[in-house]
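In: Could you work out the structure for the sequence below:
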Amino acid sequence: MSTLRTHDDTWDIATSVGSTAVMVAAARAVETDSSDPLISDPYAKLLVANAGTGVWETLLNESLIDKLESVDPEIAAVYHHMRSYQAVRTHFFDAYFAEAVGAGIRQVVILASGLDSRAYRLDWPAATTVYEIDQPKVLGYKETTLAAHDVRAPVQHRAVAIDLRQDWPAALTAAGFDPAAPTAWLAEGLLMYLPADAQDRLFEQITALSAPGSRIAVETAANHADQRRQEMSERFKKVAEQIGLEQTVDIQDLIYHDEDRAAVPEWLNGHGWRATAQHSTAEMRRLGRWVNVPMGDDTDAFSEFVTAVRD
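Out: Next up, the predicted model:
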């Protein structure tokens, strides 16, 4: 299995970076069906069911998770932590959008949207337009799957099928985006799949398109090169083989481990934004969703949730 990145790699929903969107949607589906959910995503399970990524669909199968716990409780804890993290992350950014539209913003851009279903499930005010940017095959899968179940977005929804390494600002503008109007941007589950220089370029492009009063929310790239995380990844591969899980993608192969990556709050504060950050571990504990994992005492191994307003 080789999924190492190249500067011009592409993917669909079952391969490379695209498959990680299935993992996230599966976690949302599990949370939605839980007894005390933080979020409600009625479309997540539809989007996961026939994605064809192997291991990530198994997040929906509680019997396999029980089997995982019997084989390696620490790996099972990582699974439970991942589920809880995704629920907390989704909850945080859902609240961000509610606050943004409550402040009058009616233009929304979701970068590398994957299987994000916010355009379909959030309570958007009238006259809101939601733009989603991602690879053509990823957006195509989502639109086809939801349409097959007669799911339609309740607001203006415009898919912009382009790689973020290409001239996405031009494509976004061609789709009707108005750079003179305040915008609510979201970069969730994205930065770890970009090299450091591409991260800087992305924020430069966003800033150039952001009118005063615009907002941005970002999930930062954690230190995925942490030695214990690498060790747990190797253990997961062995356990997956033991219990018959098909692992088609190793996330560690997809992530850029750049040590010189800019700190997002500092970058934004230095480029015309007013940024604040909430550490994901603190947010998980605040919501009662923290799960102890082997790397839990190393906050650098976990992301921050950053929000900012354009001056």
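
In: what's around Thr183, how many residues?
Out: 26 (other CB atoms under 10 Å). Where C-beta positions appear, they are placed from N, C-alpha and C, glycine not excepted.

In: do the same with Gly270
Out: Neighbours of Gly270 (other CB under 10 Å): 10.

In: cool, Glu204 as well?
Out: Glu204 - counted by other CB under 10 Å - has 12 other residues nearby.

In: roughly how far apart are it and Thr220?
Out: As judged by CB to CB, to the nearest Å, Glu204 and Thr220 stand 17 Å apart.

In: how close does Asp33 get to Gln135?
Out: Separation of Asp33 from Gln135 (CB to CB): 28 Å.

In: more crowded one of the two?
Out: Counted by other CB under 10 Å, Asp33 and Gln135 do not tie: Gln135 has more neighbours, with 23 against 13.

In: Ala126: what's its closest spatial neighbour, skipping adjacent residues?
Out: Val155 (7.8 Å; CB to CB, 6 or more residues apart in numbering).

In: can you pull the contacts of Glu304?
Out: Glu219, Thr220, Val264, Pro265, Ala277, Gln278, His279, Ser280 (CB atoms under 8 Å, 6 or more residues apart in numbering).

In: cutoff 7 Å now
Out: Thr220, Ala277, Gln278, His279, Ser280 (CB atoms under 7 Å, 6 or more residues apart in numbering).

In: Closest to Pro73 out of these?
Out: Closest to Pro73 out of these is Ser280 (22.8 Å), distances taken as CB to CB.

In: OK, contacts around the closest one?
Out: Tyr85, Val88, Arg89, Phe302, Ser303, Glu304, Phe305.

In: Tell me how far Thr307 lies from Pro212.
Out: With distances taken as CB to CB, Thr307 is found 16 Å from Pro212.

In: More neighbours: which of these two?
Out: Neighbour totals were compared for Thr307 and Pro212, and Thr307 leads with 23 against 10 (other CB under 10 Å).

In: Surely the more buried one is in contact with Ala217?
Out: Yes - between Thr307 and Ala217 a contact is recorded at 4.9 Å, counting by CB atoms under 7 Å.

In: Need the overlap of contacts for these two.
Out: Tyr96.

In: Show me what counts as buried in stretch 284-296.
Out: By neighbour count with 16 or more other CB atoms under 10 Å, stretch 284-296 contains the buried residues Met284, Arg289, Trp290, Val291, Val293, Pro294, Met295.

In: Report the secondary structure element holding the last one.
Out: For Met295, there is no host helix or strand (DSSP states H and E).

In: Just the pLDDT at it, thanks.
Out: pLDDT recorded at Met295 is 75.

In: So it is in contact with Glu231, correct?
Out: No - if you go by CB under 7 Å, Met295 and Glu231 don't touch, sitting 9.3 Å apart.
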